[in-house]
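Trainee: here is the input, now give the coordinates:
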Amino acid sequence: MAAIHRMLPALLLLAGSAVAAVPAAAANPPVCAQYCDTRDPSLARQETFPVGTLLVNNRRLVLHLSDVDGMAWGSIDAGTENESVWLDRSFDGGATWEGLLGKASIPATWTGTRTLMYNLSDPSHHRRGMIRACADAHAVACTGWVHAAVCNATCDNASGGTDAQPVSTVTLSGRQISLHFDAAGMAWGTITNNRAGDEVWLDRSFDGGASWPGGSSLGRTTSGRTTRFNAADPTSLLYGGAVRACGRAVEGQNGACTPWSRPAADRLRAAADALMYSYDPYPAWWPSSWWNSAVALSAVVSWTRRTGDQTYTPLIRRTFDVNRVAFPAGGRSSDPVEGHFISRSIDDTAWWGLTWIDAYDLTHDRVYLDEAVTIANYVAGYWDPSTCGGGVWWDRERTYKNAVTIGLYLRLTAALHNRIAGDTAWLNRAVTGWTWFANSGLISGAGLVNDGLTSGCQNNGQTVWTYNQGLAIGAAMELYRATGSATYQDAARRLGTAALASPLVQGGVLTESCDPAGTCDDNQKQFKGIFMRYLAEAGPQFQSFADTQAATLWNGRDSLNRVSSRWAQSASAPPDWRTQAAALQALLVAS
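Mentor: Okay, here's the model as predicted:
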């Protein structure tokens with residue numbers, strides 16, 4: 001749905017009056033969304049024209065917006081030399097603002113000028129903004145404040161609505177204040193057992209309930225029920241919005257509010273929305289973990305493919321375009337990234353290769369497949385039969401041969417064969433690699449994949465991580481699809497059965513060895529989702545287990561639909577976007 005803009009009343013101030021006491025624009029860092037502030041308006045991909053206009057002593061002051069860019073600029077026409085135009089921007093509903101943004105004066109012999117473009121909202125910091133254009137033409141005047149209406153399937157302030165999930169309630173002086181969500185994720189509030197004059201309203205926050213400037217008292221009414229409002233604002237790239245219902249009894253001064261909540265009627269959409277809350281659209285990743293961002297993006301791609309919802313599809317391409325260049329050490333990883341997602345960490349590089357395979361499967365855009373080939377060629381350069389008879393080195397320094405790197409290599413090479421017509425080279429690599437892996441000693445007698453090999457080429461007995469087990473299953477299944485040989489499918493099923501009969505499952509719930517103590521690091525938080533993705537490929541006999549995991553973790557989520565690394569006791573460990581990505585992968589393979 002196209003964005004609809006709301007114009008607050010215009011404010012006209014006579015010459016000599018002050019607009020407001022605001023800090024100089026230079027004191028505020030630039031805001032970046034898809035682009036950073038001060039972009040040239042000639043690069044706007046769209047113009048909503050005119051949004052706001054005002055005559056100032058016969059000069060025409062205009063506010064222009066580009067919805068697809070999320071940016072605005074101002075212009076003045078029919079003016080004279082040194083008359084000026086600028087933008088004001090507010091992130092608190094107009095109470096305060098950054099002033100004089102992009103101030104431009106009309107040059108000699110010209111009759112008009114314009115500002116540069118500035119962002120309406122600040123998704124990197126979860127702030128929703130509003131903007132106006134101002135001019136000084138022998139009097140200072142401003143258009144009304146404008147912001148994009150929050151619209152998804154329906155725009156804010158809609159009537160009606162049918163409950164689609166259990167409501168959150170709070171009591172106040174015998175009244176019951178309730179928060180409701182419909183199937184589309186819109187919210188409304190009610191107050192029951194109420195008296196004439198009792199009020200109910202919604203608050204909306206885009207930073208998890210830490211603050212709610214510009215989102216207070218939405219739909220405030222004495223009728224007993226508010227209209228409906230959206231939680232997320234996809235036009236402004238603000239995902240993971242939260243709402244609460246609040247009320248006030250007519251005889252009291254204090255009110256009460258329900259807890260902050262996000263819609264959860266559609267658990268796949270809800271889990272994806274909570275994950276995208278942490279995505280930063282300007283650097284186009286989840287700060288600040290490099291390989292984890294690749295796996296998180298794969299989860300979003302899988303969500304898009306399963307649901308058919310294209311909400312996040314543009315961000316898949318943006319992640320690709322922004323991040324395939326080179327970055328210095330510290331820019332994306334502790335290591336330099338040398339372009340094409342390549343670094344000294346062979347496993348980190350390979351994760352991105354698998355992500356672009358997924359993107360290719362979704363979009364059929366050859367650019368993703370070509371990137372995966374570039375990455376796979378780099379990874380294949382570290383296959384080395386001179387040590388341990390084969391295997392892929394974990395790092396460029398060739399210090400370690402481990403399960404994760406060979407698992408990634410096998411999945412990636414077999415996947416390329418399955419997508420490149422007439423290929424034999426990638427298939428030969430995958431088959432040779434599996435033969436080595438199956439005989440390397442990395443798989444224990446119990447059918448569990450240990451972390452790596454010793455310098456003497458023996459199983460080092462280190463931790464059995466779920467993602468190593470999952471990658472082995474996924475590699476075998478991709479080889480099964482490549483060759484049609486049941487040998488690989490049987491191997492995948494044996495690995496899956498072994499995992500479910502091992503300490504990786506406790507009380508019926510997938511459990512990382514670091515979970516009980518709550519000591520999982522940022523890498524380990526994401527392992528279980530990888531396991532669940534690949535286990536689901538191995539056959540319907542694992543579906544019941546997958547459904548149990550999904551139900552367990554979803555029942556343990558918090559009111560913002562966040563899931564921690566401890567699926568059985570989610571509230572006992574802090575959630576973050578890595579644990580959320582793992583949860584989404586597990587939900588995606590449930591029935």
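
Trainee: roughly how far does the spatially most central residue of the chain sit from Pro123?
Mentor: The residue lying closest to the centre of the chain (Cα atoms, centre = their mean) is Met276, at 2.0 Å. Using Cβ to Cβ, to the nearest Å, we find Met276 at a distance of 10 Å from Pro123. To be clear about C-beta, it is placed using only N, CA and C from the backbone, and glycine gets the same treatment.

Trainee: check contacts around Asp547.
Mentor: Ala590, Ser591 (Cβ atoms under 8 Å, 6 or more residues apart in numbering).

Trainee: give me the three-state assignment for it.
Mentor: Secondary structure, DSSP: H, G, I helix; E, B strand; the rest coil: Asp547 is helix.

Trainee: am I right that Tyr467 is in a helix?
Mentor: Yes - applying three-state DSSP, one finds Tyr467 inside a helix.

Trainee: surely it meets Val404?
Mentor: Yes - the criterion here is Cβ atoms under 8 Å, and Tyr467 meets it with Val404 at 6.8 Å.

Trainee: and the residue nearest to the centre of the chain, what pLDDT?
Mentor: Each residue has a pLDDT score; the one for Met276 is 98.

Trainee: would you agree it is in contact with Thr319?
Mentor: No - here Met276 does not reach Thr319: they are 11.8 Å apart, not a contact under Cβ under 8 Å.

Trainee: excluding covalently adjacent residues, which one is nearest to the residue lying farthest from the centre of the chain?
Mentor: In the chain, counting by Cα atoms, centre = their mean, Thr109 sits farthest out from the average C-alpha position, at 48.7 Å. Spatial nearest neighbour of Thr109, chain neighbours left out: Glu81 (7.8 Å); criterion: Cβ to Cβ, 6 or more residues apart in numbering.

Trainee: burial of the one you found, as a residue count?
Mentor: 11 (other Cβ atoms under 10 Å).

Trainee: can you give me the helices in the stretch 251-400 of the chain?
Mentor: 267-276, 290-307, 313-323, 346-363, 366-380 (DSSP state H, counting those that start in this stretch).

Trainee: the ones you listed into CSV, with extra columns for distance to Arg411?
Mentor: CSV is the format used below for the helices of the stretch 251-400 of the chain (distance: least, Cβ to Cβ, whole Å):
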stretch, distance to Arg411
helix 267-276, 22
helix 290-307, 12
helix 313-323, 20
helix 346-363, 6
helix 366-380, 10
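
Trainee: just checking, next helix/strand downstream of the helix or strand bottoming out on mean pLDDT in the chain?
Mentor: Every helix and strand of the chain was ranked by mean pLDDT, DSSP states H and E. The lowest is strand 11-13, at a mean of 41. Beyond strand 11-13 on the C-terminal side, the first helix or strand identified by DSSP states H and E is strand 48-56.

Trainee: on that earlier part again, what sits against the nearest residue to the residue nearest to the centre of the chain once chain neighbours are set aside?
Mentor: Distances taken as Cβ to Cβ, 6+ apart put Tyr239 closest to Met276, at 3.9 Å, once the chain neighbours are dropped. Contact analysis of Tyr239 by Cβ under 8 Å, 6+ apart lists Ala232, Asp233, Asp273, Met276, Tyr277, Tyr279.

Trainee: how does it look with 7 Å?
Mentor: Counting by Cβ atoms under 7 Å, 6 or more residues apart in numbering, Tyr239 touches Ala232, Asp273, Met276, Tyr277.

Trainee: one more: Val243?
Mentor: Leu179, Ala187, Leu202, Asp203, Arg204, Phe229, Ala231, Ser261.

Trainee: make it 8 Å
Mentor: Neighbour list for Val243: Leu179, Ala187, Leu202, Asp203, Arg204, Ser205, Phe229, Ala231, Trp260, Ser261, Arg262 [criterion: Cβ under 8 Å, 6+ apart].

Trainee: burial count for Gly556?
Mentor: Counted with other Cβ under 10 Å, Gly556 comes out at 20.

Trainee: give me the pLDDT value at the residue nearest to Thr109.
Mentor: 96.

Trainee: against Ile106, how distant is it?
Mentor: 6 Å.

Trainee: and if you look at Ser559?
Mentor: 53 Å.

Trainee: between these two, who's got more neighbours?
Mentor: The neighbour comparison of Ser559 against Ile106 (other Cβ under 10 Å) goes to Ile106, with 20 against 16.

Trainee: residues in contact with the more buried one?
Mentor: Per Cβ under 8 Å, 6+ apart, neighbours of Ile106: Ile76, Gly79, Thr80, Glu81, Asn82, Glu83, Ser84, Gly112, Thr113.

Trainee: can you report how many residues neighbour the fifth one?
Mentor: Counted with other Cβ under 10 Å, the neighbours of Asn82 add up to 11.

Trainee: ok, the residue nearest to it when sequence neighbours are not counted to Cys520 distance?
Mentor: Once flanking residues are discounted, Asn82 sits nearest to Ser105: 5.2 Å by Cβ to Cβ, 6+ apart. Ser105 is 57 Å from Cys520, where distance means Cβ to Cβ.

Trainee: now do Trp97
Mentor: For Trp97 relative to Cys520 (Cβ to Cβ), the value is 43 Å.
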